[in-house]
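structure for the following, please:
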Amino acid sequence: MTYHINEGNWFTEEYNDLQQIKLTYARLLGKNAIIFAGPSLNLMISDYYLDGAQRSGSGFVPYSFISQRCGDTSLKYWIGFNAGIRIH
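Predicted coordinates:
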């Protein structure tokens, strides 16, 4: 999945995208519902400058286990978790 994250304004013009890979387990709950859960690997790639910041980087990232810079671009990796119920 890829998401463009808007920060500070109704639209962030700089490249500020979240990339996700999700590994999900799902189980049927009756005829019309499925429960699912699993980990996600997240990568935030950002050229966005927070207000007053000297370097680029998104404020969206909760923590990172790898943080890199490529020129003015910030790369931050973290592990997350997703869960929910699908009703159809």
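
so which residues of this protein form strands?
2-4, 16-22, 25-28, 33-46, 66-70, 73-87 (DSSP state E).

residues contacting the most centrally placed residue in the chain?
With distances taken as Cα atoms, centre = their mean, L18 lies nearest the centre of the chain, 4.2 Å away. Residues in contact with L18 (Cβ atoms under 8 Å, 6 or more residues apart in numbering) are 2-3, 5, 42-44, 60. No exception for glycine: its C-beta is placed from N, CA and C like everyone else's.

that one pairs with what?
Y3, M44 (DSSP bridges).

what do you get for the one 4 residues further on?
Judged by DSSP bridges, the bridge partners of K22 are S40.

pLDDT wise, what is it at?
As predicted, K22 sits at a pLDDT of 96.

could you export the lowest-mean-pLDDT helix or strand in the chain as CSV, CA atoms only?
The helix or strand of the chain with the poorest confidence is strand 66-70; it has a mean of 90 (mean pLDDT, DSSP states H and E). In CSV, the C-alpha atoms belonging to strand 66-70 read as follows (Å, rounded to 0.1, in the frame of the first residue of the first chain):
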residue,chain,number,x,y,z
ILE,A,66,16.2,2.6,11.0
SER,A,67,16.5,6.2,10.1
GLN,A,68,18.6,7.3,7.0
ARG,A,69,19.1,10.3,4.9
CYS,A,70,19.7,10.5,1.1
